[in-house]
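Trainee: just the structure for this:
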Amino acid sequence: METSITTYQKNVATFIHLSVFTQFIFPLGNFIAPLLLWAALKKESIYIDNHGRRALNFQMSITLYAITLVLIAIPFAIWHLVNASGELNLFNQSYESFVVPADAVGLIMTALIFGILLLALCVITLFCVISAAVSASNGEEYKYPLTINFLKPLSLSEKESPLDSSTKA
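Mentor: Predicted coordinates:
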């Protein structure tokens, strides 16, 4: 049973949280980098294991929410696009000024609303990842908001050796 959290464990947990920013370097970096770090170092301590699980849970949840928003937006966009297709000429008769057809306003509003929601999701992600990294560096547990627990964090009593779990089965 662990009694204290070492500086090494705090640094690894912090780095796991911050590694999600590799998504700006390569696609799916927000999953791959924390997953590799967590998989390699989770057996060293329950502290690292729990922070890795929570970081991955949060990234999977946020991705699921973003996909859901996009899937909800698609029918609205198609509906407004079909309604606006009657007025494909976006310029008035003299072609001197830009005119937005009245039917295209719905499409623009749909794009704005869902764009703002996706932007809010990005801001929440940024804030939460930084908060989790700060908490990890201070040796505290951090529970991300809006998270679905795909990988349930362990308590100290749940962490057993492989021999103990095989005898209970």
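Trainee: by contact count, what packs against the longest helix along the chain?
Mentor: As assigned by DSSP state H, the longest helix anywhere in the chain is helix 46-84. Applying 3 or more C-beta pairs under 8 Å, 6 or more residues apart in numbering; DSSP states H and E, one finds that helix 46-84 contacts helix 7-18, helix 29-41, helix 104-137. All C-beta spots, glycine's among them, are computed from the backbone N, C-alpha and C.
Trainee: pLDDT weak spots in the chain?
Mentor: 1-3, 84-103, 156-169 (pLDDT under 70).
Trainee: ok so, going back, relative to helix 29-41, how tilted is the longest helix of the chain?
Mentor: Here helix 46-84 runs at an angle of 160 degrees relative to helix 29-41 (axes from the mean of the first three to the mean of the last three C-alpha atoms, to 10 degrees).
Trainee: if we can go back for a sec, let's have the helices and strands packed on helix 46-84 in TSV, adding mean neighbour count and distance to residue 75.
Mentor: Below are those laid out as TSV (neighbours: other C-beta atoms under 10 Å; distance: least, C-beta to C-beta, whole Å):
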stretch	mean neighbour count	distance to residue 75
helix 7-18	20	35
helix 29-41	18	27
helix 104-137	16	10
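Trainee: show me the one of the ones you listed that comes nearest residue 57.
Mentor: Across the helices and strands packed on helix 46-84, residue 57 has its closest neighbour in helix 29-41 (10.3 Å, C-beta to C-beta).
Trainee: just to revisit the earlier point, measure how the longest helix of the chain sits relative to helix 7-18, angle-wise.
Mentor: Using the same axes, to 10 degrees: helix 46-84 against helix 7-18 is 10 degrees.
Trainee: okay, buried residues for helix 46-84 please.
Mentor: For helix 46-84, a neighbour-count test (16 or more other C-beta atoms under 10 Å) marks 46-62, 65, 69, 73, 76-77, 80, 84 as buried.
Trainee: right, and the helices and strands packed on helix 46-84 - which one's nearest residue 154?
Mentor: The nearest among the helices and strands packed on helix 46-84, by C-beta to C-beta, is helix 29-41 at 12.6 Å.
Trainee: hmm, back to that, want to throw the helices and strands packed on helix 46-84 into JSON lines with distance to residue 153?
Mentor: Below are the helices and strands packed on helix 46-84 laid out as JSON lines (distance: least, C-beta to C-beta, whole Å):
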{"stretch": "helix 7-18", "distance to residue 153": "12"}
{"stretch": "helix 29-41", "distance to residue 153": "12"}
{"stretch": "helix 104-137", "distance to residue 153": "13"}
